[in-house]
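Colleague: model the following, please.
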Amino acid sequence: MSDSNERGYTAAHRILEGKSAVFAVLVTVAILIGGIVEIVPLFSSTLGPEHLAGVTPYSPLEVAGRDIYIREGCYLCHSQMIRPLRAEVMRYGEWTRAGEYAYDHPFLLGSRRLGPDLQRVGGKYPDAWHYEHMRDPRSTSPGSVMPTYAWLHTATYDPADIQASMRALQKVGVPYSDAEIAGAPAAAQTEAEAIVGRLASQNVTAEPSREIIALIAYLQRLGMDGRAALAAQKPAEAP
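Modeller: This is a model prediction of the structure:
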């Protein structure tokens, strides 16, 4: 940019900044346009909030894992929303549809990414990878700035807390039955033992009551329902 053009640009910018009302309106319009571009595609898919086939509530152990994920502030560094942009889809997978958040209370969309987006992380890595990653992120991701969460390998989750969370979710519309809530401790134990069994096959010894097991259950669930539903719809959406 030449000096004359730069001076003209600076002068115009100064004039615009001096008109606070006009500047505020233009900024608002720009933000609205950007928001619409990102949000409209989420509701244009047949996996919108009114089409929830294949999207199911979290299991009891996944509920426990999600509570731990929120407690540890994981959403502060990892988003859970893949925008409908080519670069996003190439790196993280199929872009996110609104219906995938049907049973998320609260939403964990995130506002920044110090780490990768986790919307499609379910099934991407084996259970042992998550187990070691939380113990020492550098062991699986060299150069990672993520802190360690080694206490998750010794702390235990409380089945009563799972039932309390499920009752709260039931009140805001998640279709858990009273019987499912009553049977949550046993269901969580069964799922935890299955994860411990998979870890054993990967040469990792763990206890089913540990918080890391619940967190693994949650992480391995992320994006799985949406991915399956979208895959099932592709033949119908093809021209």
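Colleague: which residues does the most centrally placed residue in the chain contact?
Modeller: By CA atoms, centre = their mean, the chain has its centre lying nearest to Q80, at 3.2 Å. Q80 makes contact with 96, 108-110, 117-119, 222 under the criterion CB atoms under 8 Å, 6 or more residues apart in numbering. C-betas here are computed from N, CA, C, even on glycine.
Colleague: which one of the residues you listed sits closest to E72?
Modeller: Set against E72, the nearest of the contacts of Q80 by CB to CB is L108 (12.1 Å).
Colleague: could you identify the helix or strand that succeeds the lowest-mean-pLDDT helix or strand in the chain?
Modeller: Using mean pLDDT, DSSP states H and E, the weakest-scoring helix or strand in the chain turns out to be helix 3-18, at a mean of 64. Once the chain leaves helix 3-18, the next helix or strand it forms, by DSSP states H and E, is helix 20-44.
Colleague: list the buried residues for the helix or strand that comes right after that next one?
Modeller: Moving toward the C-terminus from helix 20-44, the first helix or strand encountered (DSSP H and E) is helix 60-71. Within helix 60-71, the residues scored as buried using 16 or more other CB atoms under 10 Å are 60-69.
Colleague: cool, and stretch 190-206?
Modeller: Result for stretch 190-206 [16+ other CB under 10 Å]: buried residues 191-192, 195-196, 198-199, 206.
Colleague: and for it, what's in contact with it?
Modeller: 59-62, 126-128, 131-132, 153, 207-209, 212-214, 216-217.
Colleague: and the helices in the protein?
Modeller: Ranges of helices in the chain, per DSSP state H, are 3-18, 20-44, 60-71, 86-92, 127-135, 137-140, 159-171, 178-182, 184-201, 211-221, 224-237.
Colleague: for the shortest one, buried residues please.
Modeller: So that's helix 137-140. Under 16+ other CB under 10 Å, the buried positions of helix 137-140 are 137, 140.
Colleague: so what touches that helix?
Modeller: With CB under 8 Å, 6+ apart, helix 137-140 has contacts from 129, 132-133, 144, 146-148.
Colleague: so which two of those residues are the farthest from each other?
Modeller: Longest span within those, CB to CB: W129 and P147, 17.6 Å.
Colleague: which of those two has more residues huddled nearby?
Modeller: Using other CB atoms under 10 Å as the criterion, W129 and P147 rank with W129 on top: 17 against 9.
Colleague: tell me, how many residues neighbour the spatially closest residue to W151 that is not a sequence neighbour?
Modeller: What sits nearest to W151 in space, not counting adjacent residues and going by CB to CB, 6 or more residues apart in numbering, is E211, at 8.0 Å. Number of residues near E211 (other CB under 10 Å) recorded here: 23.
Colleague: ok so, going back, let me know which of the helices of the chain is tucked in deepest.
Modeller: helix 211-221 (a mean of 25; mean count of other CB atoms under 10 Å).
Colleague: mind giving me the packing neighbours of that one?
Modeller: In terms of contacts (3 or more CB pairs under 8 Å, 6 or more residues apart in numbering; DSSP states H and E), helix 211-221 is packed against helix 60-71, helix 127-135, helix 184-201.
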